[in-house]
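Novice: Predicted model and sequence follow; I will ask about them next.
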2 protein chains.
Amino acid sequence: MPTIKDVAKRAGVSVTTVSRVLNHHPHVTDELTERVLVAIEDLNYRPSRVAQRLRASHSRLVGVIFSDITNPFYVHVLRGIEHVLSRGGSSVLIGNADANTDREASFIRLMQTEDVGGLIIAPTREDSSALASAIEQGLAVAVVDRRMHNIEVDTVVVNNFEGSLKAIHHLIRLGHTRIGIVSGPLHLTTGRERYAGYLQAMADAGLRVDSSLACFGDYRQSSGYELSWQLISLPDPPTAVFVANNQMTIGALNAIHEAGRNIPSDIAVIGFDDLSWAISLNPPLTTVAQPAFEIGVNAARLLLERIANPRRPTYTVVLETELIVRASCGSPVQSKSS
Amino acid sequence: MPTIKDVAKRAGVSVTTVSRVLNHHPHVTDELTERVLVAIEDLNYRPSRVAQRLRASHSRLVGVIFSDITNPFYVHVLRGIEHVLSRGGSSVLIGNADANTDREASFIRLMQTEDVGGLIIAPTREDSSALASAIEQGLAVAVVDRRMHNIEVDTVVVNNFEGSLKAIHHLIRLGHTRIGIVSGPLHLTTGRERYAGYLQAMADAGLRVDSSLACFGDYRQSSGYELSWQLISLPDPPTAVFVANNQMTIGALNAIHEAGRNIPSDIAVIGFDDLSWAISLNPPLTTVAQPAFEIGVNAARLLLERIANPRRPTYTVVLETELIVRASCGSPVQSKSS
DNA sequence: ATAACCGTTGAAATCGTTACCAGAGATATT
DNA sequence: AATATCTCTGGTAACGATTTCAACGGTTAT
């Protein structure tokens, strides 16, 4: 591949001049600019981003670390990130932590050695020391999906509490009183907030929460499956269940079908996170949708701002969820218990 | 961040020696090795991959370009790739071409300026000149999912023809004779091969193919939706439909439910690509599954081999599909037409 | 005793850029 | 007319690593 030297030689100028036209510096005559441009075209030259990254102050590379790239929610966040970043000419280096804190730490490390200009991360825990020290060392970071504990950092989340509240209120409005929840883990803010929304909504309606109806998974499909089986096997099973993320919802649906229960007449189902195929289910799934793409867009913007101005105070952007009513909760039903 | 110089100073050796222990070179005494290791530990030093990439022959970075990262199939391929690559200490730079050839070309360009050691790509067209010239320039490339035309390159695909054949044979065995297909575009090898399997299976059974039952989409959800509406609106609609990829299957399901048709009694559905939620559908979806993870694993291995030995002849790995029979095609039905 | 060789180390060149500094003209200011 | 300022250009030193080359001391072979 041709280098800046080759271009300089062909244009009959110094490498400095080539670098100047490349970076749109002032004080270079039209004639030389033209000659350089022609040489660049002739040689089909593009500057090496590796060399630029080593020398220049900007990096034009951002790292993205997700706990599970298999989750379509994160893929849409990624698209939002990429949408903003590609306009700025940045590339995206991706890491899949697989919900493993050690892997996450080693990816953070990797991102630093790759000299990323910034990092967008959905952390596996809310007190990651690896992340804290990276920020301490001056790495620009934006956190998505989950909040951190004791770490000041730009953050983009949704109003999980409100979303959960909307879901349960919807169920209650339809007449349900025995409402189960397949919650996320309580060590994550999303898990706690969504669970809190459930409790609040029940309390608002003066409904007692039966502790056997609340179970806690790890956001994976398999735990949604197992916990749902557990719920529907109860002597007095819930008439409705709220599942706190998309993957667990898949598992829940699987269990319910396997048990031969009908949705929504035997049990109503409402999920968190919308999915492209939620509308193709039978019956179509009622969900609390998160604006995944916008989460990505906002995170990328926040990150760009912080890179431009590292001393800026930190922001937390909270986006709203949307209750999408389809058919999986049915029409208003009669309460079965007293 | 500390550099190799800081380590050298602290260990009281030259940077050359530090570099030697970093790269496990022979001929460095245990004592110096130990001193360097201690200094590295003390400073918490990690070599800059950017500097390494600029100077060294190896890059430890591979690019991955997909036409649609939103498609879970590609995400699983990506996981397979990452599984192999992370063991080799390589990072993954990702690009989402969005089925756009221009975007694809500019990503290929980007990968070259980022000095990737190799590229894994699911091309948008089978005669990409951008890809051809990149290979010409010595870039190590592995193609996945689709075959290239007139370009010798390592390739990993599945036996699409056979997979399609199995799907249609299954339908025929169940008694169907009016079988529709929502095919992919014929300008892609996957589209052509899967369509050819359909034609062959029909011919094998001595069935006439009604041209109004074959329609051609672009692998996106929306075209699956529209074309399926078209099929079921026919005066004499098919009793079974084969949908040639996962996203179009989502659209098809949506259309069929919207039309109030029952699966499988009104219309049997069989899809291509398995999905984590296929089992959670009602009824669970019968599909032709591709070994997505293994496709990624094989592509990464092929790429690593080629990087190690650029003059090696090109390989094409063809993996087999698996027919996963669930309930969306029902039990054997009586043929409705003569 | 001298030559040849081996193991061990460091100095310096290099990768492809950008940034700093200096210098040459041209123009403006005193 | 002398000086200051401004525009334009190029030489050269970084950035942080690897690689080549030479040198040094110690063994071994002749």
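Specialist: Everything's here; your move.
Novice: Return the residues in contact with the residue of the stretch 151-300 of chain A found nearest DNA strand D.
Specialist: Nearest residue of the stretch 151-300 of chain A to DNA strand D (Cβ to the nearest atom of the strand) works out as residue A:153 at 24.3 Å. (Each C-beta comes from the backbone N, C-alpha and C, glycine too.) Residues in contact with residue A:153 (Cβ atoms under 8 Å, 6 or more residues apart in numbering or on different chains) are A:131, A:135, A:141-143, A:314.
Novice: Buried among those residues? Need that as a selection in ChimeraX.
Specialist: With 16 or more other Cβ atoms under 10 Å in any protein chain shown as the criterion, this ChimeraX line picks the buried residues out of the contacts of residue A:153:
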select /A:131,135,141,142,143
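Novice: Between the contacts of residue A:153, which sits nearest DNA strand D?
Specialist: Nearest to DNA strand D among the contacts of residue A:153, counting by Cβ to the nearest atom of the strand, is residue A:135 at 19.1 Å.
Novice: Identify, from the contacts of residue A:153, the entry nearest to residue A:57.
Specialist: residue A:141 (18.1 Å; Cβ to Cβ).
Novice: and the closest residue to that closest one other than its chain neighbours, how far is that from DNA strand C?
Specialist: Excluding the flanking residues, the one nearest residue A:141 by Cβ to Cβ, 6 or more residues apart in numbering or on different chains is residue A:119, at 4.9 Å. Distance of residue A:119 to DNA strand C, computed by Cβ to the nearest atom of the strand, to the nearest Å: 22 Å.
Novice: swap in residue A:317?
Specialist: Applying Cβ to the nearest atom of the strand to residue A:317 and DNA strand C gives a distance of 31 Å.
Novice: Same check on residue A:231?
Specialist: According to Cβ to the nearest atom of the strand, residue A:231 and DNA strand C sit 60 Å apart.
Novice: hmm, back to that, compile the contacts of residue A:153 into TSV and extend it with columns for distance to residue B:37.
Specialist: What follows is these, written out as TSV (distance: Cβ to Cβ, whole Å):
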residue	distance to residue B:37
A:131	26
A:135	28
A:141	30
A:142	35
A:143	34
A:314	38
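Novice: tell me which of the contacts of residue A:153 is nearest to chain B?
Specialist: Chain B has its nearest neighbour among those in residue A:135, at 13.9 Å by Cβ to the nearest Cβ.
Novice: Which residue ranges of the stretch 101-250 of chain A form strands?
Specialist: A:118-121, A:141-144, A:154-158, A:179-183, A:214-216, A:240-243 (DSSP state E, counting those that start in this stretch).
Novice: I'd like those strands as a markdown table, with mean pLDDT appended.
Specialist: Below are the strands of the stretch 101-250 of chain A laid out as a markdown table (pLDDT from 0 to 100):
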| stretch | mean pLDDT |
| --- | --- |
| strand A:118-121 | 98 |
| strand A:141-144 | 98 |
| strand A:154-158 | 98 |
| strand A:179-183 | 98 |
| strand A:214-216 | 97 |
| strand A:240-243 | 98 |
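Novice: and residue B:98, which of the ones you listed is closest to it?
Specialist: Per Cβ to Cβ, nearest to residue B:98 of these: strand A:118-121, 20.0 Å.
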